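Colleague: here is a sequence together with a model predicted from it:
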Amino acid sequence: MIIKVCGMRDADNIRQLDEAKIADWMGFIFFEKSSRNVESLPDYMPKNCKRVGVFVNEPIEGILERVKTFGFNLVQLHGNETAEYCEQLRSQLPKDVKIIKMFQISSSKDLMPCGAYETIVDYFLFETKCESYGGSGKQFDWDILNMYPGLTPFILTGGIGPNDVEKVKAFHHPLCKGIDLNSKFEVSPAFKDIELLKKFINQLK
């Protein structure tokens, strides 16, 4: 199972998480309205985790620039990006950089737009539906994903917290490849409680 910890910014916090070797992917958010927005390259970037750049309706040029500067292995699209946009981005990214496309879910009908992105992106990210792009910190009904008709593997996110170990263990879907952890493990926005993450992830694994 892929463990993604998102919303990182502080260099010491990044180092602590990276050196703990408990996460597979580490996410950095580039969205001015987010309290976790990254404005500049931290003094330390992960060496043990893959680096994920998170963008919301960002011009392709801006993504390409940050992929180069931050050394991203994956690009997560967290806005209203179209399949055509994703195709254009794919054609310009280095071939080894993967694309994750987020979809907000509240009912099975929210899974239908995924079909247009099949074969274009590498992963889907299923998030709880809300009015903002940044996530609500709440969970949606994961049983909805039993009706997911696609072939693209997905990451599960949306309000997963320290008390959800058994719930995550109990969720089974052949295309679910991992989980995304963020606000429920924070001391403050963009600053994670590493010990809490360790406890959760060790219990999960």
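Modeller: Yep, it's here.
Colleague: low-confidence regions, this protein specifically.
Modeller: 131-137 (pLDDT under 70).
Colleague: show me where it has strands.
Modeller: Ranges of strands in the chain, per DSSP state E, are 2-5, 25-30, 50-55, 74-77, 98-105, 123-128, 154-156, 176-181, 186-188, 191-192.
Colleague: need those strands in JSON lines (columns: distance to residue 38).
Modeller: Using the backbone N, CA and C atoms, a C-beta is placed for each residue, glycine as well. Output for these, formatted as JSON lines (distance: least, Cβ to Cβ, whole Å):
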{"stretch": "strand 2-5", "distance to residue 38": "14"}
{"stretch": "strand 25-30", "distance to residue 38": "5"}
{"stretch": "strand 50-55", "distance to residue 38": "9"}
{"stretch": "strand 74-77", "distance to residue 38": "13"}
{"stretch": "strand 98-105", "distance to residue 38": "17"}
{"stretch": "strand 123-128", "distance to residue 38": "18"}
{"stretch": "strand 154-156", "distance to residue 38": "20"}
{"stretch": "strand 176-181", "distance to residue 38": "17"}
{"stretch": "strand 186-188", "distance to residue 38": "15"}
{"stretch": "strand 191-192", "distance to residue 38": "13"}
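Colleague: let's have those in CSV, adding distance to residue 139 and mean neighbour count.
Modeller: Formatted as CSV, these follow (distance: least, Cβ to Cβ, whole Å; neighbours: other Cβ atoms under 10 Å):
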stretch, distance to residue 139, mean neighbour count
strand 2-5, 16, 22
strand 25-30, 19, 24
strand 50-55, 20, 22
strand 74-77, 19, 24
strand 98-105, 10, 21
strand 123-128, 6, 22
strand 154-156, 10, 23
strand 176-181, 11, 21
strand 186-188, 17, 13
strand 191-192, 19, 21
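Colleague: of all those strands, which lies closest to residue 61?
Modeller: Across the strands of the chain, residue 61 has its closest neighbour in strand 50-55 (11.6 Å, Cβ to Cβ).
Colleague: just checking, what packs against that closest one?
Modeller: strand 25-30, helix 60-70, strand 74-77 (3 or more Cβ pairs under 8 Å, 6 or more residues apart in numbering; DSSP states H and E).
Colleague: repeat that for 10 Å
Modeller: strand 2-5, strand 25-30, helix 60-70, strand 74-77, strand 98-105 (3 or more Cβ pairs under 10 Å, 6 or more residues apart in numbering; DSSP states H and E).
Colleague: please name whichever of these is nearest to residue 197.
Modeller: Nearest of these (Cβ to Cβ): strand 2-5, 6.6 Å.
Colleague: circling back: so which of the strands of the chain gets nearest residue 68?
Modeller: Nearest of the strands of the chain to residue 68, taken as Cβ to Cβ: strand 50-55 at 10.6 Å.
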